[in-house]
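In: need coordinates for the following:
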Amino acid sequence: QVQLVESGGGLVQAGGSLRLSCAASSGTFSNYAMGWFRQAPGKEREFVASINWIGSRTYYTDSVKGRFSISRDNAKNTLYLQMNSLNPEDTAVYYCAPGPGAYALRSGDTGDFDAWGQGTLVTVSS
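Out: This next block holds a predicted model:
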């Protein structure tokens, strides 16, 4: 399985911005749709955004539309999540994962992938 390492999290004030990165170890990164998920304390992991293999199609959960932007650089085997206008409800550990399709990732379908990384913690203070 592809190995993924998330980075870029931190502490930010409400209204601020962060850019998360997800570096993939495998050269097959470009074969997969990719998604960002997050898990807040005491809650289930939830879908945030996804992108198809070439970067031409994206999906977002309603609460981040217009504020977050997912992108990828297949030459660098890296996935990004630009997060703007952050609010305390965005506080969570953020994870990336591959999937069979950008649309399928919306429902949490990551295919046979189960090697979740450590994630990166985003804390938004009010």
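In: how about the nearest residue to T123, chain neighbours excluded?
Out: Leaving out its chain neighbours, the residue that sits closest to T123 by C-beta to C-beta, 6 or more residues apart in numbering is L11, at 4.7 Å. Bear in mind the C-beta positions are built from the backbone N, C-alpha and C, glycine included.
In: and for Y103?
Out: When the adjacent residues along the chain are set aside, Y103 lies closest to Y59, with 6.6 Å between them (C-beta to C-beta, 6+ apart).
In: pLDDT weak spots in the protein?
Out: Residues of the chain meeting the criterion pLDDT under 70: 27.
In: who touches the most centrally placed residue in it in this structure?
Out: For the chain, the residue sitting closest to the mean C-alpha position, by C-alpha atoms, centre = their mean, is W36 at 2.1 Å. Neighbour list for W36: 20, 22, 48-50, 70, 79, 81, 94-96 [criterion: C-beta atoms under 8 Å, 6 or more residues apart in numbering].
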